[in-house]
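1. attaching a predicted model along with its sequence, questions to come.
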Amino acid sequence: MADALARSELFSIRRFARFGYIGLFVLVAYFTPLFEQYPLLQWLGIAGLVIVFFDAIICARRRWRVLREEMRSDEAEPN
């Protein structure tokens, strides 16, 4: 049970970090001239967005796998 709570807390921290990164990227892109002055910084930011995207996909697949296993175990246990 404690492992499940720690895993859930980790997912919420990762989710918060992803939203924070996306929000920071949008704020920098729209409200500062940093990306115009430093195109390399823009490409690094885009690379970070790609990493965030794939991390979200991996977490979603992992969560679906856990849910499927829980549903199968619930069906296997006759009450």
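-> Noted; the coordinates are in hand. Numbers count the residues shown, from 1 in each chain.

2. run the chain-centre distance for the longest helix seen in the chain.
-> Using DSSP state H to define each element, the chain has its longest helix at helix 39-76. Here the centre of helix 39-76 is set off from its chain's centre by 6 Å, with CA atoms, centre = their mean, to the nearest Å.

3. residues near residue 45, how many?
-> Neighbour count for residue 45, taken as other CB atoms under 10 Å: 17. The C-beta positions use only the backbone N, C-alpha and C, and glycine is treated the same way.

4. separation between it and residue 32?
-> Using CB to CB, to the nearest Å, residue 45 is found at 12 Å from residue 32.

5. could you list the low-confidence segments of the chain?
-> Within the chain, the stretches with pLDDT under 70 are 1-11, 76-79.

6. for the residue positioned nearest the centre of it, which non-adjacent residue is spatially closest?
-> The centroid of the chain falls nearest to residue 56 when counting by CA atoms, centre = their mean (3.6 Å). Closest residue in space to residue 56, ignoring its immediate chain neighbours: residue 18 at 6.1 Å, by CB to CB, 6 or more residues apart in numbering.

7. and the next helix or strand past the helix or strand hosting the one you found?
-> Using DSSP states H and E, residue 18 sits in helix 2-31. Sequence-wise, the next helix or strand downstream of helix 2-31 (DSSP H and E) is helix 34-37.
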